[in-house]
Structure formats: C-alpha cells, structure tokens
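Q: Sequence first, predicted coordinates after that:
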Amino acid sequence: MPDRSQMDLFNSEPSPKRVPPRRAFLPWDRPLLERAAEWLLDRAGPDLPIDLSHLLVVVPTRNAGRRLREMLANLADERGTAIVPPLAAPPAFLLASGGEDSATVSPIAGEIEALASWIAVLTDTDLQEYRGLFPIDPPDQDFRWARSTARDLTSLRSVLGEAGLSFAEVSRRLPADHEEADRWADLEKLEARWWSFLGRRLDRVDREEARRRSARAPRLPDGIREVILLATPDPFPLAIDALEALAAREIPITIVTYAPESLAAAFDEWGRPLADFWLREPLDLPDFQHSVQLVANPDELLTRVADLAAAIPAPEETLAIGAVDGDLAPLLESTLRVRGIPAFNPDGGRVSREGFHHLLTILADLLGGPDFPAFREWLRIPEVDAWLSQRLERWNGPAARAALDDAHAFHLPGGLGEMRRFLEADAARVPAERDWERTRIESAIAAIGETEALLRSISRGPLEETLSSAMREVVGARRRAGESGAWAEKTIEAAAPELMRGLSQLGALERAGVHWEIGDRLSLLTEFTGAASVGEDRPPRAIELQGWLELLWEDAPHLVIAGLNDGIVPEAIAGDVFLPENLRKLRALRLRTNEDRLVRDLYLLRALLEPRRAAGRLDLLVPKTNADGEPRRPSRLLLRCRDDELPERVSHLFREIETSGSQLPWSPGFRLVPGLERAGAPEKPVAPVAVTAFSTFLASPFRFWTTQRLRLSRIEPEKAEMDDLDFGNLCHEALERYGNDPEARAWTDASRIEEFLLAAVDALARERFGERPGLAVRIQVEAARHRLAAAAEREAAERADGWEIIGVEARLGDGYPLALGGVEISGKIDRIEQRGDVVRVLDFKTSDARQRPRPEHFVESRLGDEPEWPPAYAIFRHADFSARSASAPPVEKIYRFKNLQIPLYALALSRALPDRRIEGGYFHLTKAVSDIGPDTWTIDAGLLEAARVCAEGVIADVLAGKFGRLDPARQNDSLETWHLGVPLRTLDLTHVGGGDNRPLTS
C-alpha cells in the first residue's frame, strides 16, 4: 500500500537543488536521425575514440534507440574512428530500477500473479458493499466473470500507472460532488483489498507501486552522468517525475526537440507540443491533391503501396512505409513479398496466432471439463495426430475423426465420457461383414482413452511439473520440416520461456492457497503465453513497416503513410467505462486526452513533412472503407489548414471514388478444378443408384457427382440438435416399429396406437441420445411425440377404412427388384398398404408444412426457360393432372420431372404386382394436426413409362460421366464451403466425371 510520501508526490515543492533541464533544438530541414546523431557526436569533444557511454539517451521506442546506435556507428566510421555508444532506452527504463530501498522490499508481482489476485478478491467479495461499482449483480460471480472484470481493472491500473496514479489517488483527487465519486471510492476499497492479498498471501509488490517508487528515487546505471530526452514528444507523466527527481539530485538533464528554435514557444520544457500553438497552426501540405491519395478500400491501398514500391529500382534505400493501421502491417508485408519486394514487420507475430497456442487452448478446454467439440478439435492438431501415431499401433487419424463426426451427428453427446459410451455401444452393434467400420470406431475409442490418460497425468500433480512433461511428449512427437516447420519451432522457442515463467507464478499461487480448477489455471497460462512475440529475422534489403510513433526516426526521403484514417491517427478513445473524456480532462489526474493525442500527431505529421519538403516525397494513403466495407473518415489532421483551403480539401477528401478497373462484383481470387487430379484415371464402377438420387441429378449433375460418386457431405461441428433428416428418421423408426408389429398394425383403437408410438419414440430417443439429452433434443422429442399422437388417430382411421399394411421399409431388391439401364436401383419404401385391388406406396414426410406429392415430382414444363436443361428425357406428355371433371375431354400437357422417387417405387410394385392398381404419395407428419395423414394420387401406365424413360436417361448420363453442370440458383447447399455462394465463378467443371465426357464403367 502506498505510503504518505506518495500521497504528497504531486503537491511537494521542487527541491532547491533542482537544476532546470537544458533545452536544445534540432532543425527539421534534415531527417531527425541524422540530426540527432550529429548533435551527439559534436558535443562529444575532440577526444578519440568517441566515448558517449556516460549518457542515457531517452527515445520514444526501443527501435528508435537501435536506429540511433546504428547511425552513430555509421557516422563514426565515416569520421575514421570508433565509438562507445550511449545507453539508448525508452522512457519506461527510468522506472525499472525499483527505487529507494528496493533491496528490502518483496518481489514485484508477475502478470499472472496480479491478475489471479484480482480474480481471488473478486470471487470472494460481497458485491452488496460495492454498489457504486457493481450496481447490478452478475449472473454468476464465478471465475469467468471475475477473470473478465480483473482484466478490465488491470488495464485501468496500467493506464493510471503512466500518470503515477492508483485507484486511491484518483478517488482522493476527484471533487467530492463528482458524478463518479462513489464508483472510485469503491475502487479504492477494492484496490486496498487487492494490495493486502498481494502482500500478505503472495509476498508480492504491485508493479505500478514499484514504478511510482522508482519515479521518486530513480537509479541510473553505473557510469551514467547525464540524461538526454531526445525527440520524445509524448513522455508519460511518471517518466517526467523521474526526470524531475534526477534534476533535484543535480543530474544534468537536456531536452532535445526536433524543431527549429524559433518554435521554442510551441513546446513546454519537456519537449511536449502545446495545444495553444498547434491547434491554431495550419498544416501546409504541398500539392495536397497529389500527396493525399484516396483509395476505395484496404485492397486498393495494398495494391497502391506495392505499385509505388515496385516502381523504385532499390526501394529499400529510399522508401519507407508507415503502416499506421496495425491491421494493415501483416497484409502489407505479404502483399509486398508476393510482388518480390522484401518487407519486414518488426512487430512480428504473436504466439496467440500460432498452432502451439491453439494446442494449449484446446488442452485447457479439455481440462476444464472434456467436452466433445474440444476433443474433436484436439484430434485435428498435427502434433496430437503424431503423438497418437506413436502411442497407438493401429492409429488411423482420418478414420477415427470420421467415426467421431458420424457419432456426434447421430448421438449429439454432451461430453467426452458420453461419447465414449455411445461409441462402445455402436462398435458392439456393427455386423461382422463391416469390420472396417468397427476398426475405425475402436480407433476413436482408443484416442479418447489416450487423451483421458494424458489429462489425468496433468491433473495429478503440480501443474509446473506435469504440464511441462505432457507438452514435451505431445509437441515432441511431430517432426517439422520446411519453412512452416522452422516457424513452428521458432514459435515454441518464443513461448517456452513465457510458459515456464507463467507456470512458476501459478505454482506460487497454489502454495499461497489459491486453488482453482486446473482448466481455469491453464486458461490463465494460455492467455499469458499468447501475448509473447515471435521474432522474425529481417530479410536482406527489406523495407521495414513501421508504426506511427516510429516514423519520426525514419530518414528515408520517400515516405508512404498507409491508413491515415480518423480514430487511428489521431487515436481516439471513446466510450471508456472507467475513464470517460470528461474525467481524463481533469488536469489533476494528468491523463492523456483525445486532444493531447491530436496535438501530438499534428506536430508529428509536420515533423515528417518538413525534412522532405525540399528534397523528398510524402504520400498519404487514405482508404474510404475498411475491409468489411464500412465507411472510414480521413484523419482530421488533413483538415488543419487555412480557411480558404478548407473547401478544396473537403472536396478532395470526401469525393466519391471508384475502384481501379471496372466496378465488378466481388469475385474470389481462385478457381477450383474438381476432378483434375484424377483426369485420365479410371472411374470407380457405378454403384446401385438410390431412388432418391435422381432428384439430385435432375437439379444439378455436379451435385450428384459430389454427393453420390464422391460421397461428400457437410460436417456440422456445432450441431446441438436434430436436423430435419434426424427428426424424420426418429418418427420413421417409431412408425416402422408400429408397422412391423403384427398385432399393433391391425388395431383400430387410436389410444392403443398412440400409446405404442409414444413408447417407441421414447425408447428410440433413449437408445440414440442417452438418458440425459440436451434441452434442444428434449424439445424435439416432445414435438415428435405430439405429431405421432396425432398420427395415431389417422392410422386408426385408415385401418378402419380397410387399408392393410403389407410392407414396412421394403427394400427394392427384396421382392421388388428394379434395374434400369443396366444399373440396379436401390431404395426403401416406407410403407406399402393395400385395400382390395389397390396398392399404395407411402413416403413419410415430417416437414413443418404440407408438401403435395405430385408437384414435388413433376411440374408443367416451360421449355423456353433454359433450352439445355432439363434434358429431353425428363420431359413427358400426359393428360392434365389438374382436370377436375371426368366428363370433360382430356387435355394433354407437357410436364417435367423433378423427382422420381414415388413413380419408381410404383414401377417396381407394378412389375411385382401386375394386376393391381397403384397409388402413391406422402403420409404427412406436419406441425398442423389437421394436415397429418396420407396424400396420394393414382399412378397410371403412362406416368410409369415416362418415369422409366427419365430414369434410364439419367443413368445413361451417369455412365457417360456427364456431370459438368450445376444449378447456380441453389447456393445454400452442402457445397457452399466450396463455391462461397458463387459457384459459376469458383468452379471449373471441365474435368468432372473424367473430362471430355469419357464414359464410366458400369
């Protein structure tokens, strides 16, 4: 907890020994880097070699320090001498010493320790005592809520820390009648509890308190006798406090400003630009319409930057690129490299974007309560696949994953243990002739067993020991090769030290009595590790992509600034829950405001312009929209001009622009060529064609090829309820059990039939989903019960009306064989019934609304719509089906088949039962009770013949490999992940079916 001296930190009188900082100015007619290096060398004196080791030069960033040292070395070499460079460091270096009595205080809390302490305090706090901060209780005061809130509080303390403030200090500085006073009083109390927890339970010191202590008594490294604040226009207040403390100890301080001395009144004594000057100073941008280039979107911006770089013979020597929008930096890097221009993003990548971090995240999910989605993702990680290959003698990753996908789609398990029980039951039911299926299920079961054993091994001991061992085993199982492998190794190397440091902090928490579920602890560790940077080696002759604050130190004569939009430059903070702008503007708090950032950035843009005004070039690229097409405003810096220039600038910045080239709709940057890799290879024989597949071919031969020939189907990893097919099958199977029961299917008592059907559907649901299915499934089972109860009434009525069930789920090959065009037709007829000399085939339909069977199978044809489709064999003539009067003369119409299911069932029955009249249609199980029941029509010989001709035509095209057509109107289908909703622009069907219409073997 802070002491009394901290409370008076900002109200104390300056020490009488304080030496005012000296001020120096570097003219901006030449780049800052050159000017700064020359200024340091000139003041070193005549002694050789040049020795600047007594200087601490404070610069804005580490990268600025690196570039300064490089320039000093180059200039010293030109002068024919060596140099001992100064210590160059960012402002935070002034606060790194620990301050007075640092040897006697506890260690500084690490990031995990600090965050975990907040979580522990928040989960153990009576929120009733903090209604100024928590006016409403969260749904659950659990780890997840506490972790989210702790992140917010940690971020808030970091912002306040730059101004040397704690929650308590803010609370004391607010006016008593301030609208936020109650909230900050609660934050002060909560912070006091956190400080107590940190000190007493962990024996740790708050990092921000340690920085405040350092600011009061900064310690310079041995040999440092002078401090220079060099071209740092926005030092944070606590760093200035440290400089004040050094000045009070008679340490010489020099403030060097990059600007002509004639503008001395535009800066305060610490080199910060003053609002009174810079908000009134117009920004003179020469040739504004040429310098400021509007582009339609980020893609256009990337192209423009690459074009500029490609037009320069050696761009790395004269060109610099500022990626001021952080999201653009990796895109710029990849775009330039594709164009053959080496580029380097010094920010590099984050471990959180890499596969190793994904592995840790999934492992944390599994340890938090092994659910199936996490396990499925676990099996798709290459390291895990390699580890299982070492652990299991017969491991087949693709087969095991397919078995799990199938089991999940069918059973919808809630957890990994439940999935294992379902798989074991499924394996026991596999018939002997399908041994391959049992093998893949057993492979999936074995993977679950190995994973559960790994989770147990991690959970049974200290995490810092068990996790390290497990990671070595899993990650070490994979051999990595090539460029991607080297990058993966580099990621692991970057993450490993952070992982070990985080494990050490978690161990300290455990020893202090902070006990959480292992999944929660690992999730904290994963978050911490993900923030680590993965450094990439700079390619030779690469253009460095720099952020906004780095550009002041760039000496290239041609500077391109990409992404100069408002909210980015200047950065704007809006809607801060704890620090709204009116609170930030209280000068007693010394917090940065949006106006402060605007003033700083006005100066920075001017400082970037001036050295290039006479000999150089500045290009400012402003996208009109972001990547999602949302409008973006140009930076307000560009509107700082004289009044007479403003209309021209507004007109230029807000004009409508077109994308380069013609304004075509979005188009993917690729074209898939399915079948190309198999061109010239023999096709597999055509298996029996399902009766339901004809409708697929008649709609889109390409989809027939993918679903029937390639057996492609969509996996739904987030599936949590029955889809339409599942729901229909559940109802079908209940009705199948009823139809197969010799006694029940003769009942005319609706109540008995209802009781049978409901018991059947309940038993089926238990077999498929277990005793405790999810809520969505329970609701769907109840909906099935409702429909089957209504169906019982119709079943009883049909039995009373003389309709007898003679076939249930009857296979076409078992008593009703059907072969057309030399190919066997397969299928199952849901129900066959007879009454007298009439036989009817029924297909159960569980769609919500009633679908009339006849229009579902054929419609009146409009031949002029698409002359190439449908083919001639799908067209037939027949007497008008809609004619209502038997006495009226028959009118012949032209129809087109959409579906052949019921007609082909009828064709099979007509051959087996030639003396019977055939009816066919649907038995509806709709939402509306009034629509439930049979819906049929008479199928005559003419329709049967037309169906036969159409089916043989389809089979002939299938045997000929004619699959190169799709229906672009049907975009929402199982192939959407292929064609992205624009199949005509993403798919080249030249080689589908073997290409060149090469026949397939039958």
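A: Yep, it's here. A quick note: this is a predicted structure, and the numbers were derived from the prediction, not measured.
Q: so residue 364, which of the three states?
A: helix (DSSP: H, G, I helix; E, B strand; the rest coil).
Q: Which residue, other than its chain neighbours, is closest to it?
A: residue 522 (4.0 Å; Cβ to Cβ, 6 or more residues apart in numbering). (Glycine included, C-beta is placed from N, CA and C.)
Q: Tell me which helix or strand the one you found sits in.
A: In this assignment (DSSP states H and E), residue 522 forms part of helix 518-530.
Q: could you point out which element follows that helix?
A: strand 533-534.
Q: How far away from the center of its chain is that next one?
A: How far strand 533-534 lies from its chain's middle: 19 Å, per Cα atoms, centre = their mean, to the nearest Å.
Q: Make 171 the starting number, not 1.
A: Done: numbering now begins at 171, and the last item shifts to strand 703-704.
Q: ok so, going back, tell me the contacts of the residue nearest to residue 534?
A: 530, 533, 534, 537, 538, 633, 637 (Cβ atoms under 8 Å, 6 or more residues apart in numbering).
Q: Looking at those residues, which are in helices?
A: 530, 533, 534, 537, 633, 637 (DSSP state H).
Q: related to what we said a few turns ago, alpha carbons of the helix holding residue 692, in CSV - could you do that?
A: Written as CSV, here are the backbone C-alpha positions of helix 688-700 (Å, rounded to 0.1, in the frame of the first residue of the first chain):
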residue,chain,number,x,y,z
ILE,A,688,-6.9,-27.0,-13.5
GLY,A,689,-8.7,-25.9,-16.6
ASP,A,690,-9.1,-22.4,-15.2
ARG,A,691,-5.4,-22.2,-14.3
LEU,A,692,-4.3,-23.4,-17.7
SER,A,693,-6.6,-20.9,-19.4
LEU,A,694,-4.8,-18.1,-17.5
LEU,A,695,-1.5,-19.5,-18.5
THR,A,696,-2.6,-19.8,-22.1
GLU,A,697,-3.7,-16.2,-22.2
PHE,A,698,-0.4,-15.1,-20.7
THR,A,699,1.7,-17.1,-23.1
GLY,A,700,-0.2,-15.9,-26.1
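Q: and that helix, what's its mean pLDDT?
A: Averaged across helix 688-700, the pLDDT comes to 89.
Q: Against residue 599, how distant is the nearest residue to residue 571 once chain neighbours are set aside?
A: Closest residue to residue 571 apart from its sequence neighbours, by Cβ to Cβ, 6+ apart: residue 549 at 5.5 Å. Per Cβ to Cβ, to the nearest Å, residue 549 is found 23 Å from residue 599.
Q: and those two? which has more neighbours close in?
A: Under the neighbour definition other Cβ atoms under 10 Å, residue 549 and residue 599 were set side by side, and residue 549 has more, 18 against 8.
Q: what's whichever strand or helix holds residue 340 packed up against?
A: Element membership for residue 340 (DSSP H and E) is helix 337-343. Judged by 3 or more Cβ pairs under 8 Å, 6 or more residues apart in numbering; DSSP states H and E, the packing partners of helix 337-343 are helix 174-177, helix 313-331, helix 351-372.
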